[in-house]
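> Kindly generate the corresponding structure for this input.
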Amino acid sequence: QVQLVESGGGLVQAGGSLRLSCAASVRSFSSKAMGWFRRAPGKEREFVAAIHWSGGYTNYADSVKGRFTISRDDAKNTVYLQMNNLKPEDTAVYFCATAFGWAVVADGYAYWGQGTQVTVSS
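Sure thing, here's the model as predicted:
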């Protein structure tokens, strides 16, 4: 049974930082691309970042480039999202997911976590 559990969300002031973690109970984690998505109140779910199974390639939404960093630790079956210089518009529920292959759209992802709330105050 696949299980993804996000943690690390919370309330932070604008300009602050948070690091999200996603612990994955999934077979062959090291051979799977992983992604982060978010859903802000009243908005559609949107892509945030993805990391290739090799760890050597990443992709980011334009809105987070230069501020967010995705990484993975295959020994711990965990993917991270380091978020710096947070803005109020980053407020959302953040989800991690495992990809079927390599994808930057939600349809390319097979399994999803329950999400963790990130709130950025101005």
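> and the closest residue to residue 32 other than its chain neighbours, what element?
Of all residues not flanking residue 32 in the chain, residue 98 sits nearest, at 5.0 Å (CB to CB, 6 or more residues apart in numbering). Bear in mind the C-beta positions are built from the backbone N, C-alpha and C, glycine included. Element membership for residue 98 (DSSP states H and E) is strand 92-99.
> strands paired with the worst-scoring helix or strand of the chain on mean pLDDT, and their directions?
One helix or strand of the chain scores below all others by mean pLDDT, DSSP states H and E: strand 109-112, with a mean of 94. Here strand 109-112 is paired, per DSSP bridges, with strand 92-99 (antiparallel).
> For the spatially most central residue of the chain, list the residues it contacts.
The centroid of the chain falls nearest to residue 36 when counting by CA atoms, centre = their mean (2.4 Å). For residue 36, the contact set (CB atoms under 8 Å, 6 or more residues apart in numbering) comprises 20, 22, 48-50, 70, 79, 81, 94-97.
> repeat that with 7 Å
Taking CB atoms under 7 Å, 6 or more residues apart in numbering, we find residue 36 in contact with 48-49, 70, 81, 94, 96.
> and if you look at residue 81?
So residue 81 contacts 20, 36, 49, 68, 70, 94 (CB under 7 Å, 6+ apart).
> End to end on stretch 87-96, go ahead and measure it.
One end of stretch 87-96 sits 20 Å from the other (CA to CA, to the nearest Å).
> Now do it, average pLDDT.
Average pLDDT, stretch 87-96: 98.
> where's that stretch relative to the chain centroid, distance-wise?
10 Å (CA atoms, centre = their mean, to the nearest Å).
> try stretch 41-50
10 Å.
> Which of the residues in it are classified as buried?
Residues 47-50 are the ones in stretch 41-50 that count as buried (16 or more other CB atoms under 10 Å).
> picking up where we left off before, need the max-distance pair from the contacts of residue 81.
Largest separation among the contacts of residue 81 by CB to CB: 70 and 94, giving 11.5 Å.
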